[in-house]
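Enquirer: Quick one, structure for this:
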Amino acid sequence: MAHTAFETSIESMLEEPKLYRVLILNDDWTAMDFVAQILMEVFDKTSDEATAITLKVHNDGKGVCGIYPYDIAELKTQIVSQKAKQHGYPLRVITEEMP
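Expert: Numbers count the residues shown, from 1 in each chain. So this is what the prediction gives:
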């Protein structure tokens, strides 16, 4: 059965949004406690999850905070950057499109 232009348009609007991962990057100045606190406050991680991600950032240079649609990923990135700046930390957070 052939699709009408309207049906094709509806199908394209219902496609899943592309997902993006938010990554925290390691630096030599930001306190690990602050990173864990950010993970719990902004990314709703448990204390254990926050500790594990913080250690991954420390050991591997970066760690995934979460995977979200673009708007949410960007908002969380901005919130973290703002909180880091308020506390005097150079913490960097980036958003990457999922492969």
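Enquirer: buried ones in the helix or strand hosting Thr51?
Expert: If you go by DSSP states H and E, Thr51 is part of helix 47-60. Residues of helix 47-60 classed as buried: Ala50, Thr51, Ile53, Thr54, Val57 (neighbour count, 16 or more other Cβ atoms under 10 Å). In short, each C-beta sits where N, CA and C put it, glycine included.
Enquirer: I'd say the third one and Ile38 touch.
Expert: Going back to what we said before, that points to Ile53. No. With contact defined as Cβ atoms under 8 Å, Ile53 does not reach Ile38; the gap is 9.9 Å.
Enquirer: between those two, what contacts are shared?
Expert: Taking Cβ atoms under 8 Å, 6 or more residues apart in numbering as the contact rule, Ile53 and Ile38 both touch Ile24.
Enquirer: Counting residues, which helix of this protein comes out longest?
Expert: When the chain is parsed with DSSP state H, its longest helix is helix 70-86.
Enquirer: following that helix, which helix or strand shows up next?
Expert: strand 92-97.
Enquirer: tell me what that following strand is packed against?
Expert: If contacts are counted by 3 or more Cβ pairs under 8 Å, 6 or more residues apart in numbering; DSSP states H and E, strand 92-97 sits against strand 19-25, helix 70-86.
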